[in-house]
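Visitor: need a structure here:
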Amino acid sequence: MTEKKLPFDKKYIESLTSKYPTPFYVYDENAIRENARKFVKAFSWAPSFKNYFAVKANPNPQLVKILKEEGFGGDCSSMAELVICERIGVTGENIMFTSNDTPADEYKKAAELNAIINLDDFSHIEFLEKTLGKMPELICFRYNPGHLREGNALIGKPEDAKYGFTREQILNGYEICKAKGVKRFGLHTMIASNELNADYFIETAKMLFELAVEIFNKTGIKLEFINLGGGIGIPYKLEQTAVNYEYVGNGIKKMYDKYIKSNNLGDIKLFMECGRTIAGPYGYLVSRVLHKKETYKNYIGLDACMSNLMRPALYGAYHHITVLGKENGATTMTYDITGSLCENNDKFAIDRKLPEISIGDIVVIHDAGAHGYAMGFNYNGKLRSAELLMKKDGTTELIRRAETLDDYFATMKF
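Guide: Numbers count the residues shown, from 1 in each chain. I've put the predicted structure just below:
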């Protein structure tokens, strides 16, 4: 990739800023829908394939609703995410509830919605039964392969991760739940995040399909579905290449035929829970330059800060930056792009080559459609920004208003 294109220009954004003060997020509905369809098509061979959109990636109800219309379910991990799905009509087995250190009331809510409950810990079999008074008809377990499989930089080594059952625990867990009257079973894993190696996902499928065969041979249980997890990354950097969905789909099909079909395990359904790759490239944080500072370095101070987008501060993550109206300008300057929080890591970019920037310029931060707004916070009393949707018909809709001071103070007592 030699450049990152925007679905809008300076004139369009200037028209928005007259109504919605910066900073704000903009999401491209057409691009999200087209990408969702491309993703599903790559797995059209699979029995009853469904992607459960990771609500944590972007919990705006309007975006989750768009993906519901594209046939997606909701991958939830908290009470709020369950309620978001409930309120937009995503219920029943269109919800996969995968949580950890789970409170009883969240299990109760998931059961009330008839969601698929995916247990993260062996001890939660007993906890769930006590919480609900009985075991559900359908249960799923999250598998952690430990040293048998590598993780990646964001999620860490599987053996160091807090998630999932060991192989011994998962085999024992199926036996226990079968004895308790559970009739339907699923298998899940999630061992990488923001991974760009397409073969990683094919190898993960192979691992789970081999385990499905072992489960059948040792317990007699034929799994109803296998959830391959999410973790497909996006090319934040210009030199990176997007994961080819078709390549991944074809590779997983070969493994499915080799292990599932050849062992007569029936038409096991395939699920995934991708969020970042679905929405990430099609969200943009728009901010205006407030200040320029020249000391030991050149600093550009924005009206956004890491409470709007914390990935660069949290992970040292790269997000491409475009200065509107200067897209073709020579990158003659080196800047740190900063926010106003009382933290020195409140930076969107460090030593970034950019065109010369002036106070008042509009800066667009790319690839912020997932784990952007969702990870925001109110440190220093900073208020959360608005979110806008560029709709299919060309209009723009406010899908979350900006917070006010009244919102911030609403839970406080003076």
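
Visitor: Quick check: the nearest residue to Tyr259 once chain neighbours are set aside vs Glu387, distance?
Guide: The spatial neighbour of Tyr259 that comes closest, neighbours along the chain excluded (CB to CB, 6 or more residues apart in numbering), is Phe209 at 3.6 Å. Heads up, the C-betas are built off the backbone N, CA and C, glycines and all. Here the distance between Phe209 and Glu387 works out to 39 Å (CB to CB, to the nearest Å).

Visitor: Please identify which of those two sits among more neighbours.
Guide: Shown here are Phe209 and Glu387; by other CB atoms under 10 Å, Phe209 has more neighbours (26 against 23).

Visitor: which stretches of this protein form helices?
Guide: Assigned helices in the chain, in chain order: 10-17, 29-41, 61-69, 79-87, 104-112, 124-132, 167-179, 198-219, 245-255, 276-279, 311-315, 405-409 (criterion: DSSP state H).

Visitor: For the residue nearest to Arg401 when sequence neighbours are not counted, give me its contacts.
Guide: Leaving aside its chain neighbours, Arg401 sits nearest to Ala386 (5.7 Å; criterion: CB to CB, 6+ apart). Residues in contact with Ala386, defined by CB atoms under 8 Å, 6 or more residues apart in numbering, are Tyr20, Phe24, Tyr25, Leu398, Arg400, Arg401, Ala402.

Visitor: Would you confirm that Lys206 contacts Tyr256?
Guide: No. In terms of CB atoms under 8 Å, Lys206 does not count as a neighbour of Tyr256; the distance is 9.5 Å.

Visitor: Show me which of these two is the more surrounded one.
Guide: Each of Lys206 and Tyr256 has its neighbours counted (other CB under 10 Å); Tyr256 has more, 22 against 17.

Visitor: Once you drop chain neighbours, what's closest to the more buried one?
Guide: Phe209 is the one closest to Tyr256 (CB to CB, 6+ apart), at 6.5 Å.

Visitor: what's Trp168 in contact with, if anything?
Guide: Quick fix: residue 168 reads Glu, not Trp. Not one residue lies near Glu168 by CB under 8 Å, 6+ apart.

Visitor: Equivalent analysis for Met375, please.
Guide: Residues touching Met375, when contacts are defined by CB under 8 Å, 6+ apart, comprise Leu309, Met310, Arg311, Leu314.

Visitor: can you put those residues in JSON lines and add neighbour count?
Guide: Conversion of the contacts of Met375 to JSON lines gives the following (neighbours: other CB atoms under 10 Å):
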{"residue": "Leu309", "neighbour count": "28"}
{"residue": "Met310", "neighbour count": "22"}
{"residue": "Arg311", "neighbour count": "21"}
{"residue": "Leu314", "neighbour count": "12"}
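
Visitor: CSV please, covering the residues you listed and showing distance to Phe377 and pLDDT.
Guide: Listed next are these as CSV, based on distance: CB to CB, whole Å; pLDDT from 0 to 100:
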residue, distance to Phe377, pLDDT
Leu309, 11, 98
Met310, 7, 96
Arg311, 13, 97
Leu314, 11, 92
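
Visitor: Tabulate the residues you listed (JSON lines), appending distance to Ile221.
Guide: As requested, the contacts of Met375 are arranged in JSON lines below (distance: CB to CB, whole Å):
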{"residue": "Leu309", "distance to Ile221": "44"}
{"residue": "Met310", "distance to Ile221": "42"}
{"residue": "Arg311", "distance to Ile221": "40"}
{"residue": "Leu314", "distance to Ile221": "40"}
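
Visitor: Out of those, which comes closest to Asp75?
Guide: Comparing the contacts of Met375 against Asp75 with CB to CB picks out Arg311 as the nearest, at 19.6 Å.

Visitor: and that closest one, how far is that from Phe165?
Guide: With distances defined as CB to CB, the gap from Arg311 to Phe165 amounts to 30 Å.

Visitor: returning to what we had before: of the contacts of Ala386, which pair is most distant in space?
Guide: Within those, two members stand farthest from each other by CB to CB: Tyr25 and Arg401, at 12.0 Å.

Visitor: and those two? which has more neighbours close in?
Guide: The residue with more neighbours, out of Tyr25 and Arg401, is Tyr25; 27 against 13, by other CB under 10 Å.

Visitor: Which pLDDT does the model give the more buried one?
Guide: According to the model's per-residue confidence, Tyr25 sits at a pLDDT of 98.

Visitor: and it, what is it in contact with?
Guide: Gly283, Tyr284, Leu285, Val286, Ala368, Gly372, Tyr373, Ser385, Ala386, Glu387, Leu388.

Visitor: give me the beta-bridge partners of it?
Guide: In this structure, Tyr25 has the following beta-bridge partners (DSSP bridges): Leu285, Glu387.

Visitor: distance of it from Ser385?
Guide: Applying CB to CB to Tyr25 and Ser385 gives a distance of 6 Å.

Visitor: so what sits against both of these two?
Guide: Applying CB under 8 Å, 6+ apart, one finds that Tyr25 and Ser385 are jointly contacted by Leu285, Tyr373.

Visitor: For the nearest residue to Cys85 once chain neighbours are set aside, list each beta-bridge partner.
Guide: If the residues on either side of it in the chain are set aside, Cys85 comes closest to Gly74, at 4.1 Å by CB to CB, 6+ apart. Taking DSSP bridges, one finds Phe53, Ile95 as the beta-bridge partners of Gly74.

Visitor: Surely Ala111 is in contact with Ile117?
Guide: Yes. Ala111 lies in contact with Ile117 (CB under 8 Å); the separation is 6.9 Å.

Visitor: the more surrounded of these two?
Guide: The neighbour count for Ala111 versus Ile117, taken as other CB under 10 Å, is higher for Ile117 (24 against 17).
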